[in-house]
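>>> next come a sequence and a model predicted from it.
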Amino acid sequence: MTQWWNVDETHAADRISWVDSAVGHADFPVQNLPYGLFAPHEQEPRIGVAIGDLILDLWAVAQIDLLDEGFRQVAASSSVNALLSLPVEQRRALRRRISELLTDEAYRSHVEPYLFDAAECTLFVPAQIGDYTDFYVGIHHATNIGRQFRPDAPLLPNYKYVPIGYHGRASSIRPSGVAVRRPSGQRKPPEADVPVFGPCTRLDYELEIGVWIAQGNTLGSPISIQDAADHIGGFCLLNDWSARDFQAWEYQPLGPFLSKSFHSTISPWVVTTDAMAPFRVAQPPRPEGDPQPLPYLSDELDQQHGALKITLEVFLLTASMREQGLPPFRVSQGPATNMYWTVNQIVTHHASNGCNLNPGDLLGTGTISAPERSGFGSLLELSTGGQEPIHLPNGESRGFLEDGDEIILRGTASAPGFVSIGLGECRAKIQPA
Ligand code: CA
């Protein structure tokens, strides 16, 4: 039986697409084949597959009988939910077929009319997201933030036993490119006796990976750690925009609320679990003295293959830099292996009380920071709560985000002997309140 970390012919480095722009493409070579929802030339949204600089219209390809009967209905859907809910073997079969269509010259003349220039298409949130949950598995982020509040004991006692999470807001998730309006809310300045209501003064981003749920589970039936990977459809980049001043005032005792729910940005492609197979690595061992996960979160194969070999980067482009024609400045870079829990563990934990996950649900990992400052995944950490602003090449500095600032997240998976793939772009600009 094929396992989620096994590679097949679709991953082979010598597999070449007849789509020229796919060869050497940073994000979407033929080894990736992520699903999205797109509209060509103001037509109706439909499911597509990113290939190089183009998008394959999966619906159209199904219409001309190039896909098996069983795939025609999911390809005709107006979201990827039905596709994600397919059994894992069928999802693999569809990937193999799309790879064949885009590499075998025999199909070229049939398929080519249904390729669209991605730059001329509108991209949407790919799934109908029923529920969105955000975790907190970036241990260096949790430690950095904890230290700002509790220098002697940055991590709370539950952190190494429970994958910490909270239920977020699905309705305000938007695809890359949609501007973010600076939120207004309650904050209590340190020197004030009472709070005020007004535009956020400590606006921040959070670098996260999004996890798309594939097949769900029935209410009352948990997902075992051994089965968790089959319930994950794929991955994206997630920017969990955060109003730090609202957050500090509102979070006790129930956790984040309006400081997070005003907007979240995702890269619009579902990079499938199968596409990620070559880029699964061992979960880094826990530091000496840390507890082992409880049995329901423990699995040897998950420990061997459960981490993601993705390099994550954050870029900042200010309005002045844009006017000066300067490129975005990279403010951090680090590996996604800085997660204390694997994605399989967070899925298993989420369903461990019997809570039902549904196809198209989105889980965020939580901010992923490296131990070094160069890999911190938020401005709150990079600027030490605004006290040590970061310096930009044009002389500007930032403690928190200003209007006109644009944040761009990138994620690249690479491994020796394989063609690198990317998660696509996750970018958005701050608009005034
Ligand atoms: Ca978060």
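Yes, it's here. Residues are numbered from 1 along each chain as shown.
>>> domains of this protein?
9-124, 132-431 (automatic domain parsing).
>>> so the closest residue to the ion within the stretch 51-200 of the chain is in which element?
Nearest residue of the stretch 51-200 of the chain to the ion: D134, at 4.6 Å (Cβ to the ion). Every residue, glycine included, has its C-beta placed from N, CA and C. Element membership of D134, judged by DSSP states H and E, is strand 132-135.
>>> parallel or antiparallel, list what pairs with that strand.
strand 165-167 (antiparallel), strand 362-364 (parallel) (DSSP bridges).
>>> count of neighbours near the closest residue in space to the residue of the stretch 51-200 of the chain closest to the ion that isn't next to it in sequence?
Counting by Cβ to Cβ, 6 or more residues apart in numbering, G364 is the residue found nearest to D134 once chain neighbours are left out, at 4.0 Å. Neighbour count of G364, defined by other Cβ atoms under 10 Å: 28.
>>> G364 bridge partners, please.
Under the criterion used (DSSP bridges), G364 bridges to D134, G210.
>>> could you check the pLDDT of it?
Note on G364: pLDDT of 98.
>>> can I assume it is in contact with E208?
Yes: using Cβ atoms under 8 Å, G364 makes contact with E208 at a distance of 4.6 Å.
>>> joint contacts of these two?
134, 238, 240 (Cβ atoms under 8 Å, 6 or more residues apart in numbering).
>>> how about the contacts made by the last one?
Looking back up the chat, that one is D240. Per Cβ under 8 Å, 6+ apart, neighbours of D240: 134, 168, 205-206, 208, 260, 264, 364, 367.
>>> report the separation between it and L312.
According to Cβ to Cβ, to the nearest Å, D240 and L312 sit 14 Å apart.
>>> repeat for S261
Distance from S261 to L312, by Cβ to Cβ: 24 Å.
>>> looking at those two, which is more packed in?
Using other Cβ under 10 Å, the more surrounded residue of S261 and L312 is L312, with 25 against 17.
>>> name the single longest helix found in the protein.
With residue count as the measure and DSSP state H as the assignment, the chain has helix 88-103 as its longest helix.
>>> could I get the average pLDDT for the following helix or strand past it?
Note on helix 88-103: by DSSP H and E, the next helix or strand toward the C-terminus is helix 108-111. In this model, helix 108-111 has a mean pLDDT of 98.
>>> please report the distance of P327 from P393.
Noted for P327: a distance of 9 Å to P393, by Cβ to Cβ.
>>> so what sits against both of those two?
Shared contacts of P327 and P393, defined by Cβ under 8 Å, 6+ apart, comprise M321.
>>> which bits of the stretch 51-200 of the chain sit near the ion?
Proximity of the stretch 51-200 of the chain to the ion, by Cβ under 5 Å from the ion, involves residues D134.
>>> what are the boundaries of the helices in the stretch 51-200 of the chain?
Read by DSSP state H, counting those that start in this stretch, the stretch 51-200 of the chain holds these helices, from start to end of the chain: 58-63, 69-75, 81-84, 88-103, 108-111, 139-149.
>>> contact partners of the third one?
Counting by Cβ under 8 Å, 6+ apart, helix 81-84 makes contact with 35, 47, 73-75, 77, 91, 94, 127-128, 212-215, 233-234, 270, 359-360, all of which sit outside it.
>>> same deal with the second one?
Counting by Cβ under 8 Å, 6+ apart, helix 69-75 makes contact with 47, 58-59, 61-63, 67, 82-83, 86, 90, 94, 97, all of which sit outside it.
>>> okay if I get those as JSON lines plus neighbour count and pLDDT?
Listed next are the contacts of helix 69-75 as JSON lines, based on neighbours: other Cβ atoms under 10 Å; pLDDT from 0 to 100:
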{"residue": "I47", "neighbour count": "26", "pLDDT": "98"}
{"residue": "L58", "neighbour count": "29", "pLDDT": "97"}
{"residue": "W59", "neighbour count": "20", "pLDDT": "94"}
{"residue": "V61", "neighbour count": "26", "pLDDT": "95"}
{"residue": "A62", "neighbour count": "21", "pLDDT": "94"}
{"residue": "Q63", "neighbour count": "14", "pLDDT": "91"}
{"residue": "L67", "neighbour count": "20", "pLDDT": "95"}
{"residue": "A82", "neighbour count": "19", "pLDDT": "97"}
{"residue": "L83", "neighbour count": "26", "pLDDT": "98"}
{"residue": "L86", "neighbour count": "19", "pLDDT": "97"}
{"residue": "Q90", "neighbour count": "15", "pLDDT": "96"}
{"residue": "L94", "neighbour count": "24", "pLDDT": "97"}
{"residue": "R97", "neighbour count": "16", "pLDDT": "98"}
